[in-house]
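Trainee: here is a sequence with its predicted model. Questions after.
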Amino acid sequence: MIDYSDFLNESILKVKPSGIRKFFSIAEEMENVISLGVGEPDFLTPWHIRRSAIDNLDRGSTRYTANAGLMPLREEICAFYKRKYNVGYDPDDEVLVTVGGSEGIDMAIRTIISSGDEALVVEPSFVCYKPIIETCGGKAIPLVTRESDCFKLTADEIEKALTGKTKVLVFPYPNNPTGAVMRKEELEKIAEVVKKHNLFVISDEIYSELTYGEQRHCSIASIDGMRERTVVINGFSKTYSMTGWRLGYALGPAPVIRQMTKLHQFAVMSAPTTSQRAAIEALKNGDADIEKMLSDYDMRRRYTVNAFREIGLDCFEPEGAFYAFPCIKSTGLSSDEFCERLIKEKHVAVIPGNAFGDCGEGYIRVSYCYSIENIKAAVQRIAEFVREIKG
């Protein structure tokens with residue numbers, strides 16, 4: 001018998017499987033399950049974007065692109081960030097088109113983190129940051145955010161976590177899973193600490209356009225002195241309902257983007273050509289699509305938060321993304337117990353909060369990017385489940 005552990009990378013063996021995918025897999029194997037677990041919009045990719053892809057395929061536009069991506073796409077990405085967030089980038093050497101935002105995160109972390117480095121990671125947060133940091137030989141230091149602070153990061157929390165090995169701040173706002181948003185005046189305080197201690201920032205802004213209310217997203221790269229010490233990660237999956245197109249991008253200082261592009265050359269070559277062509281159309285003519293989806297998400301957001309409160313579960317009101325993060329501590333169950341029993345007894349799939357960091361214990365993540373009919377049916381089953389638990 002071959003002992004395959006002799007051949008496998010030890011750092012990979014230590015990585016735990018995604019807590020999100022665990023419940024997604026269970027849901028796939030059961031009948032009559034309503035899943036509010038995965039962050040995948042239920043909208044079709046807008047027709048004009050799909051049509052653009054079809055037209056390009058019809059013309060035979062299926063060859064490799066430049067490693068960094070099609071120049072017209074890079075130009076549109078730069079124009080988008082200038083128009084939306086007032087941050088200017090050079091399409092020649094400050095943009096990298098990636099296979100989803102996930103590859104952008106991977107390239108950024110692998111380019112910046114060396115063995116022994118420490119990276120500060122906001123938690124609760126998306127599941128991929130810590131495993132990638134650790135496979136690079138780095139150490140992920142959690143920066144715990146709390147509901148009492150609206151799940152916002154404070155400058156004091158950064159100061160307390162700093163050591164001589166601290167190199168990077170991973171900054172994911174609008175936040176998955178909490179829906180928290182950082183406003184300009186709050187970002188300015190974070191920026192002062194970052195500059196004072198000469199840190200670099202990886203800003204995951206994949207939900208930037210899904211920000212509710214009159215104040216829209218402010219990129220930390222737009223704060224004075226931060227553009228030169230920030231890599232911004234964004235993409236098309238959430239904003240334009242293009243999850244399966246697998247297209248994202250990174251923006252940042254040329255010396256960093258060049259090294260990310262070099263790594264991308266060897267790992268991927270280039271992002272899918274058809275997706276890149278479609279993304280040009282999305283950026284040029286997709287603003288109305290964003291507003292329509294944002295309006296619908298806003299309605300679902302308000303319904304979902306109110307529904308959980310009526311059930312008797314405290315629920316922070318998210319200001320961005322498309323997730324609610326209700327507290328289930330009053331049920332007496334752990335996050336894992338709640339989710340496992342809920343899917344088995346009521347056939348509703350949600351994600352335990354501790355999948356997003358230990359500080360997420362006592363919460364569940366519920367996605368409201370699904371149809372309002374599904375949300376209503378799921379909430380009804382959850383209400384029955386909670387009543388049965390509480391007797």
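Mentor: Noted; the coordinates are in hand.
Trainee: next SSE after the helix or strand of the chain with the lowest mean pLDDT?
Mentor: Across the helices and strands of the chain, the lowest-confidence element by mean pLDDT, DSSP states H and E is helix 19-29, at a mean of 67. Counting by DSSP states H and E, the next helix or strand C-terminal to helix 19-29 is strand 34-35.
Trainee: got a list of contacts for that next one?
Mentor: The contact list for strand 34-35, computed with C-beta atoms under 8 Å, 6 or more residues apart in numbering, reads Phe24, Ala27, His347, Val348, Ala349, Tyr370, Asn374, Ala377, Ala378, Arg381. Any C-beta I mention is one placed from the backbone N, CA and C, and that applies to glycine too.
Trainee: same question for stretch 274-287.
Mentor: Contacts for stretch 274-287 (C-beta under 8 Å, 6+ apart): 45-46, 48-50, 52-53, 56-57, 61-62, 65, 69-70, 72-73, 76-77, 79-80, 97, 236, 239-240, 242, 245-247, 289.
Trainee: show me what the mean pLDDT comes to for it.
Mentor: The average pLDDT within stretch 274-287 is 98.
Trainee: would you mark the buried spots in that stretch?
Mentor: Within stretch 274-287, the residues that count as buried by 16 or more other C-beta atoms under 10 Å are Thr274, Ser275, Gln276, Arg277, Ala278, Ala279, Ile280, Glu281, Ala282, Leu283, Gly286.
Trainee: could you export the helix or strand that contains the first one as CSV, CA atoms only?
Mentor: This points to Thr274. Per DSSP H and E, Thr274 falls inside helix 273-285. This file holds the C-alpha atoms of helix 273-285, laid out as CSV (Å, rounded to 0.1, in the frame of the first residue of the first chain):
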residue,chain,number,x,y,z
THR,A,273,-11.5,34.9,-23.4
THR,A,274,-15.3,34.7,-23.8
SER,A,275,-15.8,35.9,-20.2
GLN,A,276,-13.5,38.8,-20.8
ARG,A,277,-15.4,39.9,-23.9
ALA,A,278,-18.7,39.7,-22.0
ALA,A,279,-17.2,41.7,-19.1
ILE,A,280,-16.4,44.6,-21.4
GLU,A,281,-20.1,44.8,-22.3
ALA,A,282,-21.0,44.5,-18.6
LEU,A,283,-18.8,47.5,-17.6
LYS,A,284,-19.9,49.6,-20.5
ASN,A,285,-23.6,49.1,-20.3
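Trainee: leaving out chain neighbours, which residue sits closest to Glu317?
Mentor: Val305 (5.2 Å; C-beta to C-beta, 6 or more residues apart in numbering).
Trainee: quick check on the one you found: phi, psi?
Mentor: Backbone dihedrals for Val305, given as degrees, to the nearest 10, come out at phi -60, psi -50.
Trainee: what about it, distance to Arg365?
Mentor: Distance from Val305 to Arg365, counting by C-beta to C-beta, to the nearest Å: 13 Å.
Trainee: and for the two, which residues touch both?
Mentor: Contact criterion C-beta under 8 Å, 6+ apart; residues shared by Val305 and Arg365: Ala324.
Trainee: out of these two, which sits in the more crowded spot?
Mentor: Between Val305 and Arg365, counting by other C-beta atoms under 10 Å, Arg365 is the more crowded of the two (28 against 20).
Trainee: in a strand, that one, correct?
Mentor: Yes - judged by DSSP: H, G, I helix; E, B strand; the rest coil, Arg365 forms part of a strand.
Trainee: for it, what are its contacts?
Mentor: So Arg365 contacts Gly37, Asn176, Pro177, Tyr323, Ala324, Phe325, Val350, Ile351, Pro352, Gly353, Ala355, Phe356 (C-beta under 8 Å, 6+ apart).
Trainee: from these, which would you call buried?
Mentor: Gly37, Asn176, Pro177, Tyr323, Ala324, Phe325, Val350, Ile351, Pro352, Gly353, Ala355, Phe356.
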